[in-house]
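>>> how would this look folded up:
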Amino acid sequence: MSINLVKTNNTENVGDRYIEASLLITKIKNGIWSLGIPSWVVGIADRGVASFADGYISAAEMFQIITAAFLFISWLYLKPEESWNNSNLVEIENYWQDIHLQPNKVYLNTIRNRMLELQNQHKISQEYILPVPYICQIYHLLNLKHLENVHNFSLNNLKVIDVNYIHATDIGGMVKFQTVLDSPVNALRIWRQPIVEAGLTLHTPYTVELKIPVYNDKNIIVMFNALPLNDKEHKFFIDIYTDLQWSRPILQILFHFAACLTLVEDLPYLQQLATINKERLFSSGKNSERKTMWLFRRFVELYGTRVEPTKALKPSK
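I've put the predicted structure just below:
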């Protein structure tokens, strides 16, 4: 196991330039696509009028119209992804603007750059307001053993067998851990090796990334953002990305189902955590020697009780 301590330098200028370039590229793509729609409509209409002008339509003319219509439908299907708008990033930015804290600019730039980096792979977003304190969600996300017990059903007896890499940053950290499929009938065996290395990253005190290997160097990445609204509830954002070349609608259905299922599994445990004194949670993380608790221990070392809501925020409509 290797332990690296590094300093992360995310300057505001670099982040702003990256965002401006990403938005410009997105606008250009959508502009070209939008310009193509009236062009196709005019072309198909012109071809149709010309074909029916003599009161008779030949097989060749019908074939041309059908071909043009098919290409037009294909053009509509090729609409560029507007991941900037489809992801939860705008909602997250609005949150930071509401609380007006200078350190949050570092957190925002960190997650903004990461989500923009992944935007071409974005598949689904979900947003919830959960009636449990924010710290309960963070404790749950950063405890690797919860993959085994809380999600025993959805992951079908997946086991964490070792934490083989630890990487600390100024505002978070990362662990890589090996997982094994402990059930002979686990559906995941269809496309992945029995033992693979997954990754969990604490980007900021509010943002956690889970990287799940699939096959042939393809991955599924889940970004969790847990933002406190008040002492008793938090806003929970889920964004899922992947470079799998499967049908997008099928992936979206699968990911929405998987995210909803895991949240259903989470809720009873989160409500149980909400009954535990907050100091006990911090103490359990700080004093734990288990490698599977390293990220939460890192969280406690960096932030302790300082990551609290600065004021009650109204949930977005």
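>>> alpha carbons only for contacts and neighbour counts from here, please
Fine.
>>> who's His158 bridged to?
Check again: residue 158 is Leu, not His. Here Leu158 sits in beta bridges with Leu181, going by DSSP bridges.
>>> just checking, it touches Leu147?
Yes. Counting by CA atoms under 8 Å, Leu158 touches Leu147, with 7.4 Å between them.
>>> show me where this structure has helices.
Under the criterion DSSP state H, the chain carries helices at the ranges 12-52, 59-77, 83-86, 89-99, 103-117, 134-142, 146-149, 248-274, 278-287, 294-303.
>>> out of the ones you listed, which is closest to Ala226?
Ranking the helices of the chain by proximity to Ala226 (CA to CA) places helix 134-142 first, at 6.5 Å.
>>> what angle do that closest one and helix 294-303 make?
140 degrees (axes from the mean of the first three to the mean of the last three CA atoms, to 10 degrees).
>>> can you list the domains in this structure?
As assigned by automatic domain parsing, the chain contains the domains 12-77, 102-303.
>>> please report phi then psi for the residue lying closest to Ala274 once chain neighbours are set aside.
Spatial nearest neighbour of Ala274, excluding adjacent residues (CA to CA, 6 or more residues apart in numbering): Val132 at 6.0 Å. The phi and psi torsions at Val132 (degrees, to the nearest 10) take the values phi -140, psi 150.
>>> next, count neighbours for Val132.
By the other CA atoms under 10 Å criterion, the neighbourhood of Val132 contains 22 residues.
>>> what sits against it?
When contacts are counted by CA atoms under 8 Å, 6 or more residues apart in numbering, Val132 touches Lys232, Glu233, His234, Leu270, Gln271, Ala274.
>>> and the fourth one, what pLDDT?
Spelled out, that is Leu270. Residue-level confidence at Leu270 comes out at 91, pLDDT.
>>> how near is it to Glu301?
As judged by CA to CA, to the nearest Å, Leu270 and Glu301 stand 22 Å apart.
>>> again, but for the first one
For Lys232, the distance to Glu301 equals 23 Å [CA to CA].
>>> low-scoring stretches of this structure, by residue?
When residues are selected by pLDDT under 70, those of the chain lie in 1-24, 26-27, 30-31, 33-34, 76-86, 98-103, 152-157, 182-193, 285-288, 305-317.
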